[in-house]
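Q: I would like the atomic coordinates for the input below:
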Amino acid sequence: MMLDEPYRWAEAVANRREYIEDQLRGGSPVVGLAWRDGALLLTLGRGQQKIFEVYDRIGMAALGHPADIEKLRQSAVDLASVIGFNYSEQDVNLQQIVHFGLGPAVKTAFDEVFRSPFIVRVLMLELDVSEEGAVFYTVDYDGTFQKHEGRGVVGEVPEADGLMRSRLPDKDRLSLRNALKAALEAWAAGRFVGTLDEIPQDASELERLAGEADLQAILKDALESATVEAVVLDRSGPGKRRFRVLGDREIRPVIRPYR
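A: Numbers count the residues shown, from 1 in each chain. Next up, the predicted model:
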């Protein structure tokens, strides 16, 4: 009956959108940023892994329901492996994974109102090994995807994305330490937006509120109960594997001022 009454389908989709956004509230934002020797993915969490390797130079991070994150991670890994096996490792690229894999799969689950949608927002990264820079793709819970050069973010609410991105430098010659610091500050801006009961639709008004907020206190409070999960895809390392999890030795000096 719903298919015979388009307005009922539209109402059901609107309800799904509201439900998913409510479920994503409280999730930890994810920040991606190019730096001098590669690219960084960062978030904060309480033990649940949110950053993964998909292929040699491709990484994925997400916020949302753990089971949905795992489904999409496995889908991305499977598609990359099939392309690499049937063609070559050089033929595997992030555009194919997003355009022909994750994007359509997430959109189908969102549009078919009798199926469970993916409660997830995804940030994916592809490192340019031969040149400087990195490409980021965001995949939203409705299957919408966007490409970004050099930096990418996903917040617990879509309105946070622009504010977070404005906190990130648009140059990729940063040291790893400075990249970590910038990513943490962007994370705090995203968390701030998620705490608002009413989010201004005007970007300048949201920027004004963020300017008045104590983002360092927000970050300090988060670090009391959560740990930093950070991964780099490093083009300077030996061998072809680029994915490297950052340890305490690299993270501790950056977060020390907030503790």
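
Q: V245 is in contact with Q49, correct?
A: No: under the contact definition of C-beta atoms under 8 Å, Q49 does not touch V245, with a separation of 9.8 Å. All C-beta atoms are positioned from the backbone trio N, CA, C, and that covers glycine.

Q: Strands along the stretch 1-150 of the chain, start to end?
A: Secondary structure of the stretch 1-150 of the chain (DSSP state E, counting those that start in this stretch): strands at 30-35, 38-45, 51-55, 58-64, 120-127, 134-139, 145-149.

Q: Burial-wise, tell me which of those comes out on top.
A: Comparing the strands of the stretch 1-150 of the chain by mean neighbour count (mean count of other C-beta atoms under 10 Å), strand 30-35 ranks first with a mean of 29.

Q: roughly how far out does it sit from the chain middle?
A: Distance, stretch centre to chain centre, for strand 30-35: 9 Å (C-alpha atoms, centre = their mean, to the nearest Å).

Q: Stretch 189-200 now?
A: Offset of stretch 189-200 from its chain centre (C-alpha atoms, centre = their mean): 17 Å.

Q: Restrict it to CA atoms and write it as CSV.
A: Once non-C-alpha atoms are left out, stretch 189-200 reads as follows in CSV (Å, rounded to 0.1, in the frame of the first residue of the first chain):
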residue,chain,number,x,y,z
ALA,A,189,34.4,21.4,17.7
GLY,A,190,32.4,18.4,16.4
ARG,A,191,31.6,17.2,19.9
PHE,A,192,30.5,20.7,20.8
VAL,A,193,27.9,20.8,18.0
GLY,A,194,26.6,17.4,19.1
THR,A,195,25.9,18.8,22.6
LEU,A,196,23.6,21.6,21.4
ASP,A,197,19.9,21.1,21.9
GLU,A,198,19.1,23.3,18.9
ILE,A,199,21.7,23.5,16.1
PRO,A,200,21.6,26.8,14.1
